[in-house]
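Colleague: Mind looking at a prediction? Sequence and model below.
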Amino acid sequence: MPELPEVETTLRGIIPHMLHKKIKCFIIRNPNLRWPIPSEINLNMSNQIISSITRRGKYLLFETRNGYMILHLGMSGRLHIVPTATPPKPHDHVDIILSNDLCCRYYDPRRFGCMLWTDSDPLQHKLLKKLGPEPLTEEFNTVYIYQASRERKVGIKQFIMNSQIVVGVGNIYANEALFFAGIHPSRQAGRISYQRYEKLVAAIKQVLTLAIADGGTTLRDFFTIDGQPGYFKQSLAVYGRAEEPCVKCKRKLIQKNINQRTTVFCSQCQR
DNA sequence: ATGCGGACCTGTTAGC
DNA sequence: TGCTAACAGGTCCGCA
């Protein structure tokens, strides 16, 4: 499942096929995603041109004259562009049929994703309204996160994975960024100095930028829009490397479940 | 307001 | 080899 780089890679992959194209209709084989897919999507977006496709955090926003579809890939969601006649496979829950004989096919075995409809500004939608800044903008900077972290007792890993603080930092890249910043994942967010947040902000931006450039991480089942795997996995320093030597100090990396998420770190390099 | 744990699902992998 | 349990990239929600 996609973290921000995978969602960004998906966005870039679908734009050439979908932007300014007309939607014929939706074929919904299974509406039971995280929330039921509302019938308004089909009613309002069929026969409409997609006038923009953008990303906010891990949400993809499809604009038509009548309103917006809000799409989240959850843990296991993927979009593929295929010829309309392609027979669906299991877990191919939705087809967005385009007028160019292609369709955008939504596949999601775990069905943690969602597909929603709004007729007004999607950024004001309940799910998007409280999102923090985009990590790759100037808005996400040391002053901001340092101030936001004061008095906060949660561990830093949970803190940077909180989308109200900053969007797009999922489990893999949280592990990676903390390693490069030399910060222990359990350290209380409110007890980290400004100087160390400088390093962390730079690490988050760098890790995400490199991952996007490499087309996202391939773990079990992420593929880019054309079915090609991403190439970032080979660059991971800690995630998936438990018991292997730290790339800096050669000590064995430690894996621990923190806040119900797999956490890998170096007890020597991260304090 | 903050923090925590449970919930939503199925496929893959690890362990016996 | 086969069965079962643990685990997986997310994040919302209700409760303390």
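Modeller: Good, I have the coordinates.
Colleague: alpha carbons only for contacts and neighbour counts from here, please
Modeller: OK.
Colleague: If you tally nearby residues, what's the number for the residue of chain A found nearest DNA strand B?
Modeller: Among the residues of chain A, A:Lys153 lies closest to DNA strand B, at 3.3 Å counting by CA to the nearest atom of the strand. Residues contacting A:Lys153 under the criterion other CA atoms under 10 Å number 14.
Colleague: For it, which non-adjacent residue is spatially closest?
Modeller: Nearest residue to A:Lys153, sequence neighbours excluded (CA to CA, 6 or more residues apart in numbering): A:Gln188, at 5.2 Å.
Colleague: Going by neighbour count, list what's buried in the longest helix along chain A.
Modeller: Criterion DSSP state H: the longest helix present in chain A is helix A:194-213. Residues of helix A:194-213 classed as buried: A:197-205, A:207-209, A:211-212 (neighbour count, 16 or more other CA atoms under 10 Å).
Colleague: That one near DNA strand C at all?
Modeller: No: Helix A:194-213 stays out of contact with DNA strand C when judged by CA under 7 Å from any atom of the strand, the minimum separation being 11.2 Å.
Colleague: what residues does the helix or strand following that helix touch?
Modeller: Counting by DSSP states H and E, the next helix or strand C-terminal to helix A:194-213 is strand A:254-258. Residues outside strand A:254-258 that contact it (CA atoms under 8 Å, 6 or more residues apart in numbering) are A:Ser186, A:Ala242, A:Glu243, A:Thr262, A:Thr263, A:Val264, A:Phe265, A:Cys266, A:Ser267.
Colleague: want to try JSON lines for those, with neighbour count as columns?
Modeller: As requested, these are exported to JSON lines (neighbours: other CA atoms under 10 Å):
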{"residue": "A:Ser186", "neighbour count": "17"}
{"residue": "A:Ala242", "neighbour count": "17"}
{"residue": "A:Glu243", "neighbour count": "15"}
{"residue": "A:Thr262", "neighbour count": "14"}
{"residue": "A:Thr263", "neighbour count": "23"}
{"residue": "A:Val264", "neighbour count": "27"}
{"residue": "A:Phe265", "neighbour count": "28"}
{"residue": "A:Cys266", "neighbour count": "27"}
{"residue": "A:Ser267", "neighbour count": "17"}
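Colleague: Considering only the residues you listed, which also neighbour DNA strand B?
Modeller: When contact is defined as CA under 7 Å from any atom of the strand, the contacts of strand A:254-258 do not meet DNA strand B at all.
Colleague: Which members of these occur in strands, if any?
Modeller: If you go by DSSP state E, the contacts of strand A:254-258 have A:Thr262, A:Thr263, A:Val264, A:Phe265 in strands.
Colleague: just to revisit the earlier point, arrange the buried residues of helix A:194-213 in CSV, one row each, with distance to A:Asn175 and pLDDT as further columns.
Modeller: Shown next, in CSV, are those (distance: CA to CA, whole Å; pLDDT from 0 to 100):
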residue, distance to A:Asn175, pLDDT
A:Tyr197, 15, 98
A:Glu198, 17, 98
A:Lys199, 14, 98
A:Leu200, 11, 98
A:Val201, 13, 98
A:Ala202, 14, 98
A:Ala203, 11, 98
A:Ile204, 10, 97
A:Lys205, 13, 97
A:Val207, 10, 94
A:Leu208, 12, 94
A:Thr209, 15, 94
A:Ala211, 14, 90
A:Ile212, 17, 90
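Colleague: Looking at those residues, which one is closest to A:Ala237?
Modeller: A:Val207 (10.5 Å; CA to CA).
Colleague: Let me see the contact set for the closest one.
Modeller: With contact taken as CA under 8 Å, 6+ apart, A:Val207 is in contact with A:Tyr173, A:Glu176, A:Ala177.
Colleague: what about 7 Å?
Modeller: Contacts of A:Val207 were listed using CA atoms under 7 Å, 6 or more residues apart in numbering, and they are A:Tyr173, A:Ala177.
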